[in-house]
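In: Quick one: sequence plus predicted model below, questions after.
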Amino acid sequence: VDHIKDVCDRFAALGYLALAPDLYHGKVATEPDEAGKYMMALEIDKFAKDLSGAVDELMVRAETSKVGVVGFAWAEAWH
């Protein structure tokens, strides 16, 4: 979503390598009920594997051994 892209762009502008993994693999909700269905359908093992892969990708690209993580509450977009 545009907000997440903007957050990544702002981190990048500060000199950080920023990555936002697509945990829904291209699915975009347009209604709160739809977003809830996507969240409930997430498989925790696959979700963890996707996040681990994102961290691995950062470690390959970055010249550091440290990675920071920023999280967002899924429901915030619907308030």
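Out: The structure has been received and is ready for your questions.

In: so what pLDDT did the most far-flung residue of the chain relative to its centre get?
Out: Relative to the average C-alpha location in the chain, and by C-alpha atoms, centre = their mean, no residue lies farther out than E63, which sits at 21.2 Å. For E63, the model assigns a pLDDT of 80.

In: Checking it next. Helix, strand or coil?
Out: Assigned by DSSP: H, G, I helix; E, B strand; the rest coil, the conformation of E63 is coil.

In: how much space is there between it and G15?
Out: Taken as C-beta to C-beta, to the nearest Å, the spacing of E63 relative to G15 amounts to 12 Å. Any C-beta I mention is one placed from the backbone N, CA and C, and that applies to glycine too.

In: buried set for whichever strand or helix holds D6?
Out: Under the criterion of DSSP states H and E, D6 resides in helix 2-13. When burial is assessed from 16 or more other C-beta atoms under 10 Å, helix 2-13 yields the following buried residues: 8, 11.

In: how far away is the residue farthest from the centre of the chain from R10?
Out: Using C-beta to C-beta, one obtains 21 Å as the distance from E63 to R10.

In: likewise F47?
Out: Here F47 is placed at a distance of 25 Å from R10 (C-beta to C-beta).

In: Tell me where this protein has helices.
Out: Per DSSP state H, the chain has helices spanning 2-13, 32-41, 44-61. These are given in chain order.

In: To P21, which of those helices lies closest?
Out: Judged by C-beta to C-beta, the one of the helices of the chain that comes nearest to P21 is helix 44-61, at 4.1 Å.

In: Contacts made by the closest one with the rest, please.
Out: Helix 44-61 is contacted by residues 17, 19, 21, 23, 65, 67 when judged by C-beta atoms under 8 Å, 6 or more residues apart in numbering.
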